[in-house]
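> How does the following fold in three dimensions:
(2 chains)
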Number of protein chains: 2
Amino acid sequence: METVYLDNISLCPVLPEVRRAMARALEEDWGNPSSQHRLGEKSAEALAKAREQVAGLIGANLPREVVFTSCGTESVNLAIKGTAWAAGEKGKHIVTTNIEHNAVIRSLRRLKQMGFSITSVPVDGKGRVDPATVAKAIRKDTVLVSVMWANNEMGTIQPVEEISRVCREKKVPLHVDAVDAVGLIPVNVEELGAQLVSFASNPYGGPAGVGGLYIRRGTRLWPLLDGGVQEGRNRAGTENLLGVIGMGEAARLAAETLPARMEYARGLRNRLLEKLPRVVDDFLVNGDPDNCLPNLVSVSIRHLEGESIMLMLDEEGVAVSTRSACASGSLRASHVLLSAGLDFADAQGTLVISFGPQNTEADVDRFLEVLGPTVKSLLAISPLYKK
Amino acid sequence: METVYLDNISLCPVLPEVRRAMARALEEDWGNPSSQHRLGEKSAEALAKAREQVAGLIGANLPREVVFTSCGTESVNLAIKGTAWAAGEKGKHIVTTNIEHNAVIRSLRRLKQMGFSITSVPVDGKGRVDPATVAKAIRKDTVLVSVMWANNEMGTIQPVEEISRVCREKKVPLHVDAVDAVGLIPVNVEELGAQLVSFASNPYGGPAGVGGLYIRRGTRLWPLLDGGVQEGRNRAGTENLLGVIGMGEAARLAAETLPARMEYARGLRNRLLEKLPRVVDDFLVNGDPDNCLPNLVSVSIRHLEGESIMLMLDEEGVAVSTRSACASGSLRASHVLLSAGLDFADAQGTLVISFGPQNTEADVDRFLEVLGPTVKSLLAISPLYKK
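Coordinates of the predicted model:
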């Protein structure tokens, strides 16, 4: 049975072009980019090329403002902890929002153990942050604001440009967690004006386990990984050159094809939302219809647990998710959905369906075809559901 | 011109079997190991298999004691900073040695900025630490001892078993930086009894940009990367599954072939040392002949700069290094060689020649054939050399 894979927000299949670039690189011999002989130079050149490709995708003026990391989570940790530690006597207060990814939440929790204090601002029912509440939360001793660009559970896109304006006015560095934005929607770090923008390689078809952090020229932060002089002294360690080459190729493709990919994903999304009422009666569509990721649908099927639906769909060869993969294993309802005002039962009934460029209309139809009977049979045994 | 590559300690070519395993993995589709549907399970299984292979290579009792990281440098940073931060009120003192890798030195320097104090013990002329000096350096508030297993510039192997005994007696956790030991010489973490052993994948023919940290069951440390629940909550972030699969395969091969590989490398090493006096008159062999990496030769050519020799050899298609690749770009003489008592000029004249399983006797001969005239022509213009 062929799996219909609709969990691209957790892990996207690597694009064929990227696989080919990596397979070629795997055949070649590479030196250490920090070595001074020729094989080292060849690696250093490959690294520089990938850095330009990634800088191109995010609109960075200077390739050296891009630091390669091992994943989005590392980028986020480096941005947040690195800035906090480097702030020294300036202060120990950080502003964030209620709907951040675990990488942000737990980096901040760690800093709290180290003496920092955190203010977390709420979101509205659509999962949006009001820039005015961010402005109000900023204090004299605030050394960082950290806000997500796009949410991976609701798909809501934040008003990051306005938040950036607020931060520039108040002269507080801004970190934007753009892991689920870069390569999915237009991102231009120069126009944004934030000091730090974290992202990964996988959401746009690059390999997993590679990430990037945009560090605006002049921004001070301490490395998480101390050691060699790699990555402009911002991140020590021998590079995952193979992964970086893949990320570069994925970035090049994403920069070229982003508008077409967005339109394609939006088509699938609309098809799903249009046909969904035909197979399920009682559901909520989460997020902000005017500001949402084109490739993500978050729906709460009322009276049911998302996990039961997900597991039954999996039996039928349809893969979706119920929340952030990084929060799997936790049995609590999503903090993101609760923050947006969903009640506990609805938050538990949420499915996240996310598209990649490999998905087709037939995938959407197959999902709906399987979802209808699944929901019916689960409702029949649901203690929450009364006819 | 085919390059004769003798800088395997900086970066080792990936083994053909490992390339094949990775090429196969590159063709497949993988879910996120943290997802709960089937594709996620498949990835979780691949991760578990690699973890067993790596645990086998280092002699860990439990695969879950192995945490995958993005490189040896990350493993070292996680071991040192993670333990120091988790120590809390127990103390803020750490013991190390004068010949550590930059990843250790700079992690400790960072902790110093955070209020820790460091005692660094000296080495003898062969680059060996005396376990008794480690014992003397341990105080009541010592929360960690960090010692290198094998040095990447001199090849000297430390008496880690005795140092581990000292640490167990004094009840202080021990971290062993085994990046240039695992896969090159026998390593058994259970017999060693250290709490933390860091290593990488590349030195034994695995991909660059993947590493591992052995964390003995019951050892407390704070993660460097906070976020998801991956790697037993010791290291958040989506895994570099492709790299991890390659590391697993390399570990499996290394465990199988280690004695044969060591003997083969020792043969090349002996050939080089035997023939070297025929092409160069005035040189020192660094390190400890009784306790040295089988695949590494460290020689200081007197009256010359190692960098000039290295660059001229490179012109002739022979790649060697002058010091740790992670310290390249720094113009100072190696702290490792100075610590072992070399004078500045000799330390500057050092070449590090390191073999991999792909090297042949012909490579050694080619190196010597090129080295002779190179040294002669450089001596002719050396201001340090008087006939």
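> A:Asn61 - nearest residue in space that isn't next to it in sequence?
Leaving aside its sequence neighbours, A:Asn61 sits nearest to A:Glu190 (C-beta to C-beta, 6 or more residues apart in numbering or on different chains; 5.6 Å). Bear in mind the C-beta positions are built from the backbone N, C-alpha and C, glycine included.
> I figured A:Ala46 was touching A:Leu241, is that so?
Yes - here A:Ala46 lies in contact with A:Leu241, judged by C-beta atoms under 8 Å, at a distance of 6.3 Å.
> Can you check which residues contact both of the two?
Shared contacts of A:Ala46 and A:Leu241, defined by C-beta atoms under 8 Å, 6 or more residues apart in numbering or on different chains, are found at A:Ala25, A:Trp30, A:Pro33.
> does the first one sit in a helix, a strand or a coil?
Yep, that's A:Ala25 we're talking about. Assigned with DSSP: H, G, I helix; E, B strand; the rest coil, A:Ala25 falls in the helix class.
> circling back: if you count what's nearby, which of A:Ala46 and A:Leu241 comes out ahead?
The neighbour comparison of A:Ala46 against A:Leu241 (other C-beta atoms under 10 Å in any protein chain shown) goes to A:Leu241, with 24 against 20.
> quick one, whichever helix or strand A:Ile245 is part of and helix B:241-279 angle?
A:Ile245 belongs to helix A:241-279 when elements are defined using DSSP states H and E. If you take axes from the mean of the first three to the mean of the last three C-alpha atoms, to 10 degrees, helix A:241-279 sits at 180 degrees to helix B:241-279.
> Tell me the buried residues in helix A:241-279?
Residues of helix A:241-279 classed as buried: A:241-255, A:257-258, A:261-262, A:264-265, A:268-269, A:272, A:276, A:279 (neighbour count, 16 or more other C-beta atoms under 10 Å in any protein chain shown).
> How about that helix and chain B, touching?
Yes - counting by C-beta under 8 Å from any C-beta of the partner chain, chain B is contacted by helix A:241-279 at A:Leu241, A:Leu242, A:Gly243, A:Val244.
> Could you do stretch A:203-214 as well?
Yes - residues of stretch A:203-214 are located near chain B by C-beta under 8 Å from any C-beta, namely A:Pro207, A:Ala208, A:Gly209, A:Val210.
> From A:Glu274, how far off is the third one?
Counting by C-beta to C-beta, to the nearest Å, the gap from A:Gly209 to A:Glu274 is 37 Å.
> just the last one next, same as before
In this structure, A:Val210 lies at 36 Å from A:Glu274, with C-beta to C-beta as the measure.
> Now pLDDT and distance to A:Ser201 too, for the residues of helix A:241-279 next to chain B, in a markdown table please.
As requested, those are exported to a markdown table (pLDDT from 0 to 100; distance: C-beta to C-beta, whole Å):
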| residue | pLDDT | distance to A:Ser201 |
| --- | --- | --- |
| A:Leu241 | 95 | 13 |
| A:Leu242 | 95 | 12 |
| A:Gly243 | 97 | 7 |
| A:Val244 | 97 | 8 |
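> Please convert those residues to a markdown table, extending it with distance to A:Val285.
Formatted as a markdown table, those follow (distance: C-beta to C-beta, whole Å):
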| residue | distance to A:Val285 |
| --- | --- |
| A:Leu241 | 43 |
| A:Leu242 | 40 |
| A:Gly243 | 36 |
| A:Val244 | 38 |
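> So what's the residue count around A:Asn8?
So A:Asn8, with other C-beta under 10 Å, has 24 neighbours.
> From what I see, A:Ser164 and A:Leu174 are in contact.
Yes - counting by C-beta under 8 Å, A:Ser164 touches A:Leu174, with 5.5 Å between them.
> joint contacts of those two?
Common neighbours of A:Ser164 and A:Leu174 (C-beta under 8 Å, 6+ apart) are A:Gly193, A:Ala194.
> which ones are touching A:Glu27?
Here A:Glu27 is in contact with B:Arg19 (C-beta under 8 Å, 6+ apart).
> what are the ranges of the helices in the stretch 151-300 of chain A?
A:160-170, A:189-192, A:241-279 (DSSP state H, counting those that start in this stretch).
> tell me what the first one is packed against?
Helices and strands touching helix A:160-170, as assessed by 3 or more C-beta pairs under 8 Å, 6 or more residues apart in numbering or on different chains; DSSP states H and E, comprise helix A:131-137, strand A:142-148, strand A:174-177, helix A:189-192.
> cutoff 10 Å now
Under the contact definition 3 or more C-beta pairs under 10 Å, 6 or more residues apart in numbering or on different chains; DSSP states H and E, helix A:160-170 sits against strand A:93-97, helix A:131-137, strand A:142-148, strand A:174-177, helix A:189-192.
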